[in-house]
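1. Output the structure for:
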Amino acid sequence: MPAPSHNASQRSTLPPILHGLSQRELEAAARGSLSRFSPVKWRMIRIADAMVTPLVRAVDSRAPRSDSGAKRIDKILVVEYGQLGDVAMVLPFLKNLRLHYPEAHIVLAGNPRHLALLESENLVDELVAVEAPWCVIQSRWTKHIPFSGLWRRLAQVTRALRKEKFDLAINPRGDIRDNWFLWGTRARIRLGYAIYGGRCFLTDVAAPDIEHPHYTNRWLHLLEHLGKPILDTRPLLKLTPADHEGAARFLAHQGVSGEDLVIGLHPGARVPTRQWGEENFRAVGQRLATQFSAKILWFEEPHSTAATGSGFVRVALPLREFAAVLARCNVVVCNDSGPMHVAAALGARVVAIFGPNIPACYGPIGDQNRTVIREGFWCRPCADRCIFDQPYCLRTIPVEEVVQAAAELLAPNVAQPVQAGA
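-> Numbering: from 1, shown residues only. All right, here's what the predicted structure looks like:
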């Protein structure tokens, strides 16, 4: 794919396999496959787009013009202020970005609660804390009050980023709000999607690749838009020797040796509609502990007061220590959650239990992983807003099916545990 010439007009690309569809049609197809998107909501976004487009063009017309196609890309802003799993899924993109731009100064603007995960990766030169109000776990009313502290802090960060004069700013969400944030940085090249509006805020609009809808691929496809081939798709996280030593000390103190077969259970998830249920996880742990004579680790948030299963080892640690212990597991059983993506990025085998989401879009990366899902629910994906009294897509998944998936991953390596994340 030829490299784009970045000038005043927007540039778009279509995947060769789908040349029969226009870019607008591909965006509509992506909206239909990625989320349950109502016509009313889309009409509101189109109205907002129509209102802001003349203002954006007027502001941009006053900006100094230059032959941007002849300029090098020396400063790059990557925007990923989502949750823990989103940070893990950006790793393949960051690796390829660094390979293609080894001399560039790369800044990652992300959620301050999760940036520690990337501290030893050496993929970016600077980490900047950004909390986007629409990504913060609060009430919808709190998120959208324009004079709240969240919005004031966002404005301060945007002004600071604007002063850096980035050559390239990238975000894959395709949301009008995320594209507005890119525009606020005034980066010379602003690259993203216009799936959910905000086309006027971008200088380069990539057509969504609906053949490869996974969030990781949405990132990588933006590199292809820039004419850069994908060189490495492995989302492996690096842990330092100190991380591994700390995990070994913690586990030894809990009576878990390096020779033990270790199974991790993580029953939590950011939203209740993705939680299979702690009782189900306890039943899985008890069955696997008996079947494989394994040690069971029960992962939870540091502030949690929930009871673990009898004989399980409670793991409630800060992020990097949490990841190091997670890496010791031969198999991790979890919900569709951030720790699921972290475990997969550490190289651990994962059994992921899916409810509202679609594994093709957000499943754990790697052939060594398994997803358990109850097919046939017409309401999926539901954006975590269940229309029933409880998420039956999860409640109808039997314990036996999850135990079987974990047993299939454990059986070939029972005699020789895998040291994941090493």
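2. Pull the contacting residues for Ile387.
-> Cys379 (C-beta atoms under 8 Å, 6 or more residues apart in numbering). From N, CA and C alone the C-beta is placed, and that goes for glycine too.
3. which element is it on?
-> Assessed by DSSP states H and E, Ile387 sits outside every helix and strand.
4. Look up phi and psi at Phe166.
-> Backbone geometry at Phe166, expressed as degrees, to the nearest 10, gives phi -70, psi 150.
5. helix/strand/coil for the residue lying closest to Leu182 once chain neighbours are set aside?
-> Once flanking residues are discounted, Leu182 sits nearest to Arg190: 4.4 Å by C-beta to C-beta, 6 or more residues apart in numbering. Secondary structure for Arg190, judged by DSSP: H, G, I helix; E, B strand; the rest coil, is strand.
6. how many other residues sit next to Arg190?
-> Arg190 has 25 neighbours, counted by other C-beta atoms under 10 Å.
7. Who is it paired with across the strands?
-> Ala169 (DSSP bridges).
8. Can you read off the pLDDT for it?
-> Among the per-residue scores, Arg190 holds a pLDDT of 97.
9. buried stuff in the helix or strand hosting Thr290?
-> Element membership for Thr290, per DSSP H and E: helix 278-292. By neighbour count with 16 or more other C-beta atoms under 10 Å, helix 278-292 contains the buried residues 278, 280-289, 292.
10. who's in contact with Val128?
-> With contacts defined as C-beta under 8 Å, 6+ apart, Val128 is in contact with 107-110, 157, 160-161.
11. quick one: low-confidence ranges for the chain?
-> 1-19, 64-70, 137-147, 235, 304-310, 413-422 (pLDDT under 70).
12. Count the neighbours of the nearest residue to Trp42 once chain neighbours are set aside for me.
-> Leaving aside its sequence neighbours, Trp42 sits nearest to Arg31 (C-beta to C-beta, 6+ apart; 7.2 Å). Using other C-beta under 10 Å, Arg31 is surrounded by 19 other residues.
13. Ala352 is in contact with Pro364, correct?
-> Yes: assessed by C-beta atoms under 8 Å, Pro364 is found in contact with Ala352 at 5.2 Å.
14. Need the distance between the two termini of stretch 107-118.
-> Terminal residues of stretch 107-118 are spaced 12 Å apart (C-alpha to C-alpha, to the nearest Å).
15. mind listing what's buried in it?
-> Result for stretch 107-118 [16+ other C-beta under 10 Å]: buried residues 107-111, 114-115, 117-118.
16. Contacts for it, please.
-> Taking C-beta under 8 Å, 6+ apart as the rule, stretch 107-118 contacts 75-84, 87-88, 90, 94, 124-131, 135, 157, 161, 164, 166, 237, 318-320, 323, 338, 342.
17. Show me how far that stretch is from its chain's centre.
-> Centre-to-centre, stretch 107-118 and its host chain are 12 Å apart (C-alpha atoms, centre = their mean, to the nearest Å).
18. Identify each of the strands in the stretch 301-422 of the chain and give its residue range.
-> Secondary structure of the stretch 301-422 of the chain (DSSP state E, counting those that start in this stretch): strands at 313-315, 331-335, 349-354, 370-373.
19. how about the CA coordinates for the third one, as PDB?
-> Listed next in PDB are the C-alpha coordinates belonging to strand 349-354 (Å, rounded to 0.1, in the frame of the first residue of the first chain):
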ATOM      1  CA  ARG A 349      -3.000 -20.000  28.600                       C
ATOM      2  CA  VAL A 350      -6.400 -18.400  29.100                       C
ATOM      3  CA  VAL A 351      -9.900 -19.800  29.400                       C
ATOM      4  CA  ALA A 352     -12.200 -16.700  28.900                       C
ATOM      5  CA  ILE A 353     -15.900 -16.700  29.700                       C
ATOM      6  CA  PHE A 354     -17.800 -14.400  27.400                       C
END
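20. which residues sit against that strand?
-> 276, 330-336, 340, 343-344, 359, 363-364, 366, 368-373, 394, 397, 402, 405-406, 409, 418, 420.
21. which of those are buried?
-> 276, 330-336, 340, 343-344, 359, 363-364, 366, 369-373, 394, 397, 402, 405-406, 409, 418, 420.
22. Walk me through the domains of this protein.
-> 11-225, 241-413 (automatic domain parsing).
23. Now, the contacts of stretch 107-118 that are in strands?
-> With strands taken from DSSP state E, the overlap with the contacts of stretch 107-118 comprises 75-80, 126-129.
24. would CSV of those with distance to Ser61 be doable?
-> Output for those, formatted as CSV (distance: C-beta to C-beta, whole Å):
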residue, distance to Ser61
Lys75, 24
Ile76, 25
Leu77, 23
Val78, 28
Val79, 25
Glu80, 30
Glu126, 31
Leu127, 34
Val128, 29
Ala129, 33
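25. Great, nothing more from me.
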